[in-house]
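Chemist: With the sequence up front, the predicted model follows.
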Amino acid sequence: MNKLIKQFALSSLFVSLTTISASSFAGSEKADEHNHQQQETHNEQQSEEQGTALSSAQLSLANVKVSTLSPKVIDYTIYAPAEIKANDYTSYLVSPRVDSIVLKRHVTLGDHVEKDQPLVTLFSESVAQAQASFQVAQAEWQRVQKLGRKTVGDKRYIEAKTDYQADLGRLLAFGLSENAIKDLKVNSNNLGQYTLNAKATGAVLSDNFRQGQRLNAGDTLIELANEHTLWVEARLAPTMQLNLPVGSEAEVVVANKTYKARVIQKAHTIDPQTRTRTVRLLVENDDHQLHSGLFADVYFLFKSDKAVLAVPEAALMRSSDGDWQVFIEHEGKFQGVEVELGQQFGTHTQKWREITGIPAGSKVVTQGAFYVAAEIAKSGFDVHNH
């Protein structure tokens, strides 16, 4: 009996010691976890309080720029390759209106010509016949006018007038100038010769002919264009859906020089060879630096639908764990803060990126972020903050 009592007492003591030991271990584990959380909080607070200070001399030397982040509507562009073309509405093709032979050229490729300036002299048998007929009709019309309608009668008067007007119209249709027709009154030599003159001021874009060459009516001799305004034909992918109403603004870049342009026409069909859609723009060329045939880059101008928080892409850096971050300045100290990236905006000179994760009003390093990251790394602190 005494032996049983002693065994029961020993068992109770063992259970009590085991319970106390387990309770002590659980309490210790909770205490360690609490201490770890406090340490993490302390480290974060210490990091926030310390940051990395950079002097004004350092910032100036590294050309670091800090800007206050605020919501704004962002200007951005959409790119398209393009080609400069002559403005067909201010240019024309010079061609004979009757079979002819080239006698003499008066201009060459690239020449700038003024209105009524001689371009090329031609010879045509049909023109010779028309000139001779005109001289006869003109002489008859002058004689009838002197005699008077009552003297010659209505029939002869009307016939003479009609023949004169018909022959005059034929010479004008052949391309003879009014001055050249007037010269026929006093000069009967060189019948069949006639000169085509410039109808407007412009530049000679092409002159594919030789002296002595026989031409058919309608063959192109000279392409003449007024280059004060030119067309820019931009090529867009057929799947690209852009709202480009007539009058939309764009920038045309040729040889690192930028020109303002505006949309004037849009094609509704796809080019069967290039499989692209053409958008035609008009560009001013007052300094005559642009010429037909030049390749160009077109940037159509747009604005974001709403105000967004955005930074230059140069402000974005990768953190040590691969996330995107920006650097925030507070009271002269810099620290990395991770952000989420949104829509991309950009022009041909600047790229922007919408970001979330920091409030408006934050002072963000928008230039020189690489230098700031290097200085933070040198200071021994983690360059990003979760």
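Modeler: Alright, I've got the coordinates.
Chemist: what helices or strands is the helix or strand hosting N179 leaning on?
Modeler: Element membership for N179 (DSSP states H and E) is helix 178-183. Contacts defined by 3 or more Cβ pairs under 8 Å, 6 or more residues apart in numbering; DSSP states H and E place helix 178-183 against helix 154-173. (Each C-beta comes from the backbone N, C-alpha and C, glycine too.)
Chemist: Packing partners of the helix it packs on?
Modeler: Contacts defined by 3+ Cβ pairs under 8 Å, 6+ apart place helix 154-173 against helix 125-147, helix 178-183.
Chemist: can we see that at 10 Å?
Modeler: When contacts are defined as 3 or more Cβ pairs under 10 Å, 6 or more residues apart in numbering; DSSP states H and E, helix 154-173 sits against helix 125-147, helix 149-152, helix 178-183.
Chemist: what packs against the longest one?
Modeler: It refers to helix 125-147. strand 100-105, helix 149-152, helix 154-173, helix 178-183, strand 193-197.
Chemist: want to throw those into TSV with mean pLDDT and distance to T90?
Modeler: TSV is the format used below for those (pLDDT from 0 to 100; distance: least, Cβ to Cβ, whole Å):
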stretch	mean pLDDT	distance to T90
strand 100-105	96	23
helix 149-152	90	46
helix 154-173	94	23
helix 178-183	87	23
strand 193-197	93	17
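Chemist: Please name whichever of those is nearest to T68.
Modeler: Comparing the helices and strands packed on helix 125-147 against T68 with Cβ to Cβ, the closest turns out to be strand 193-197 (65.3 Å).
Chemist: thinking again about what came up before, what's the most buried one of the helices and strands packed on helix 154-173?
Modeler: helix 125-147 (a mean of 16; mean count of other Cβ atoms under 10 Å).
Chemist: and the angle from that one to helix 154-173?
Modeler: 140 degrees (axes from the mean of the first three to the mean of the last three Cα atoms, to 10 degrees).
Chemist: Dump helix 125-147 to CSV, restricted to CA.
Modeler: Taking Å, rounded to 0.1, in the frame of the first residue of the first chain, the C-alpha atoms of helix 125-147 are listed here in CSV:
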residue,chain,number,x,y,z
GLU,A,125,3.5,70.4,-137.6
SER,A,126,0.1,70.6,-136.1
VAL,A,127,1.0,73.9,-134.4
ALA,A,128,2.4,75.2,-137.7
GLN,A,129,-0.9,74.6,-139.4
ALA,A,130,-2.8,76.1,-136.6
GLN,A,131,-0.6,79.2,-136.6
ALA,A,132,-1.0,79.7,-140.3
SER,A,133,-4.7,79.2,-140.1
PHE,A,134,-4.8,81.7,-137.3
GLN,A,135,-3.0,84.4,-139.3
VAL,A,136,-5.5,84.1,-142.1
ALA,A,137,-8.5,84.1,-139.8
GLN,A,138,-7.0,87.1,-137.9
ALA,A,139,-6.4,89.1,-141.1
GLU,A,140,-10.0,88.4,-142.3
TRP,A,141,-11.5,89.3,-139.0
GLN,A,142,-9.6,92.7,-138.9
ARG,A,143,-10.7,93.4,-142.5
VAL,A,144,-14.4,92.6,-141.7
GLN,A,145,-14.3,94.8,-138.6
LYS,A,146,-13.0,97.8,-140.6
LEU,A,147,-15.7,97.4,-143.3
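Chemist: Q343 in helix, strand or coil?
Modeler: Using DSSP: H, G, I helix; E, B strand; the rest coil, the structure places Q343 in strand.
Chemist: who's in contact with it?
Modeler: By Cβ atoms under 10 Å, 6 or more residues apart in numbering, the contact set of Q343 is 74, 76, 304-305, 308, 310, 352-354.
Chemist: Using ChimeraX, define a selection of the buried residues within those residues.
Modeler: Listed next is the ChimeraX selection for buried residues among these, using 16 or more other Cβ atoms under 10 Å:
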select :74,76,304,308,310,352,353,354
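Chemist: From the contacts of Q343, which land in strands?
Modeler: Mapping those onto strands (DSSP state E) picks out 76, 310, 352-354.
Chemist: how does the chain divide into domains?
Modeler: Domain ranges of the chain: 50-73+306-379, 78-87+226-303, 125-191, per automatic domain parsing.
Chemist: So what touches the helix holding N179?
Modeler: Residues external to helix 178-183 that are found in contact with it (Cβ under 10 Å, 6+ apart): 116, 131, 134, 138, 167-168, 171-172, 176-177, 187, 189-190, 193-195, 197.
Chemist: Restrict the residues you listed to the buried ones and give me that as a PyMOL selection.
Modeler: PyMOL command restricting the contacts of helix 178-183 to the buried ones, with burial defined by 16+ other Cβ under 10 Å:
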select buried, resi 131+134+138+167+168+171+176+177+193+194+195+197
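Chemist: Regarding the closest residue to K104 other than its chain neighbours, which helix or strand does it belong to?
Modeler: Closest residue to K104 apart from its sequence neighbours, by Cβ to Cβ, 6 or more residues apart in numbering: T121 at 4.5 Å. Following DSSP H and E, one finds T121 within strand 118-123.
Chemist: could I have that strand exported to CSV, CA atoms only?
Modeler: The C-alpha coordinates for strand 118-123 follow below in CSV (Å, rounded to 0.1, in the frame of the first residue of the first chain):
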residue,chain,number,x,y,z
PRO,A,118,10.2,79.8,-120.4
LEU,A,119,10.7,76.1,-119.8
VAL,A,120,11.1,74.4,-123.1
THR,A,121,10.7,75.2,-126.8
LEU,A,122,9.1,72.6,-129.1
PHE,A,123,8.2,72.2,-132.8
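Chemist: now the stretch 51-200 of the chain, which segments are flagged as low pLDDT?
Modeler: Along the stretch 51-200 of the chain, no part satisfies pLDDT under 70.
Chemist: coming back round to it: I270: which of the contacts of Q343 is nearest?
Modeler: Distance to I270 across these (Cβ to Cβ) is lowest for Y76, with 26.0 Å.
Chemist: Kind regards, and thank you for your time.
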